[in-house]
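Trainee: only geometry, no sequence info:
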């Protein structure tokens, strides 16, 4: 299967988006619980 430039770019974008959303989500959840981040 030949990987095109578009498929590489879309995979890179999707991976970055998932990592950013997971990071923001964990920060929001930690803040909602009233705990300090990073956890001691």
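Mentor: All right, it came through fine. Keep in mind that what you see is a predicted model, and the values were worked out from it rather than measured.

Trainee: which regions of this protein sit below the pLDDT cut-off?
Mentor: The model of the chain has pLDDT under 70 over residues 1-2, 30-40.

Trainee: where along it do the helices fall?
Mentor: Secondary structure of the chain, counting by DSSP state H: helices at 5-32.

Trainee: Distance check, residue 29 against residue 22.
Mentor: 11 Å (C-beta to C-beta, to the nearest Å). Quick note: C-beta positions are derived from backbone N, CA and C, even for glycine.

Trainee: Hmm, I typed the wrong one, I wanted residue 15.
Mentor: 11 Å.

Trainee: number of nearby residues for residue 14?
Mentor: Look at residue 14: counted by other C-beta atoms under 10 Å, it has 10 neighbours.

Trainee: Also the one 4 residues further on?
Mentor: By the criterion of other C-beta under 10 Å, residue 18 has 10 neighbours.

Trainee: same check, this time on residue 17
Mentor: As a burial measure, residue 17 scores 10 neighbours (other C-beta under 10 Å).

Trainee: same check, this time on residue 10
Mentor: Neighbour tally, residue 10, other C-beta under 10 Å: 11.

Trainee: do residue 28 as well
Mentor: Residue 28 has 10 neighbours, counted by other C-beta under 10 Å.

Trainee: Equivalent analysis for residue 23, please.
Mentor: Under the neighbour criterion other C-beta under 10 Å, residue 23 is assigned a count of 10.

Trainee: Same check on the one 4 residues further on?
Mentor: Other residues near residue 27 number 11, with proximity taken as other C-beta under 10 Å.

Trainee: cool, residue 7 as well?
Mentor: A count of nearby residues for residue 7, using other C-beta under 10 Å, gives 11.

Trainee: Make 21 the first number, not 1, from now on.
Mentor: Understood, numbering begins at 21; the last thing we discussed is residue 27.

Trainee: residues in contact with it?
Mentor: Listed by C-beta atoms under 8 Å, 6 or more residues apart in numbering, the contact set of residue 27 is empty.

Trainee: try the one 3 residues further on
Mentor: Shown here is residue 30, which makes no contacts under the criterion C-beta under 8 Å, 6+ apart.
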